[in-house]
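Trainee: okay, predicted coordinates and the sequence, questions at the end:
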Amino acid sequence: MSQIRVDTYYRMSHVTGPGCVLVSLRFGTTPDKGPWVTIRAARGTLIDPSMDVDAYVAEVTAGVADANGELGSAIEVEEIQIVPNDFPRLGQVRHCAKTLTLQYKKSTEQEAPSNGGKRTV
């Protein structure tokens, strides 16, 4: 038996003068060791992130926690995709993660999927 799984990533770009980031999150159950971190890169791109990946993950976690505190919810992140040549400034990733979490909550309230937004075919 085979299945095709369609996952939804919530993405937000945030560009300021000195900083640039594309935050991509997949909401779901956070694995025991923390969210999966995957690299989103074009073929031929040097895959050596220019940012501190642990700090990036910490900012995502803080932004989701901010949104959860505001919403009174317990939304979790299953996966984070990073672009290796992004150069986020302090607080950019956190801002994006909070905004994405608020949007995720809003969209799931409207759609009310029974399986966390995942579809199988």
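Mentor: Right, received. Where do you want to start?

Trainee: three-state assignment of the most centrally placed residue in the chain?
Mentor: Centroid-nearest residue in the chain: residue 25, 1.9 Å away (criterion: Cα atoms, centre = their mean). Three-state call for residue 25 (DSSP: H, G, I helix; E, B strand; the rest coil): strand.

Trainee: in this structure it contacts residue 77, no?
Mentor: Yes - Residue 25 lies in contact with residue 77 (Cβ atoms under 8 Å); the separation is 5.3 Å. Glycine gets a C-beta too; all of them are placed from N, C-alpha and C.

Trainee: so where do the strands sit in the protein?
Mentor: Remark: strands assigned in the chain by DSSP state E are 5-6, 10-15, 20-27, 36-39, 77-82, 119-120.

Trainee: tell me where the chain has helices.
Mentor: Along the chain, the segments classed as helices by DSSP state H run 53-71, 92-111.

Trainee: give the contact list for residue 67.
Mentor: Taking Cβ atoms under 8 Å, 6 or more residues apart in numbering as the criterion, residue 67 is in contact with 73, 75, 97, 98, 101, 102, 105.

Trainee: list the contacts for the fifth one?
Mentor: Applying Cβ under 8 Å, 6+ apart, we find residue 101 in contact with 25, 27, 63, 64, 66, 67, 68, 71, 75.

Trainee: before we move on, the earlier item: worst mean pLDDT among the helices of the chain?
Mentor: The minimum mean pLDDT among the helices of the chain belongs to helix 92-111 (a mean of 91).

Trainee: so how far is residue 87 from residue 18?
Mentor: Distance of residue 18 to residue 87, given as Cβ to Cβ, to the nearest Å: 8 Å.

Trainee: neighbour-wise, which of those two wins?
Mentor: The neighbour comparison of residue 18 against residue 87 (other Cβ atoms under 10 Å) goes to residue 87, with 12 against 9.

Trainee: for the more buried one, name its beta-bridge partners.
Mentor: residue 20 (DSSP bridges).

Trainee: so it sits against residue 51, correct?
Mentor: Yes - counting by Cβ under 8 Å, residue 87 touches residue 51, with 6.6 Å between them.

Trainee: what's the overlap in contacts for residue 25 and residue 77?
Mentor: Joint contacts of residue 25 and residue 77 (Cβ under 8 Å, 6+ apart) are 60, 64, 97.
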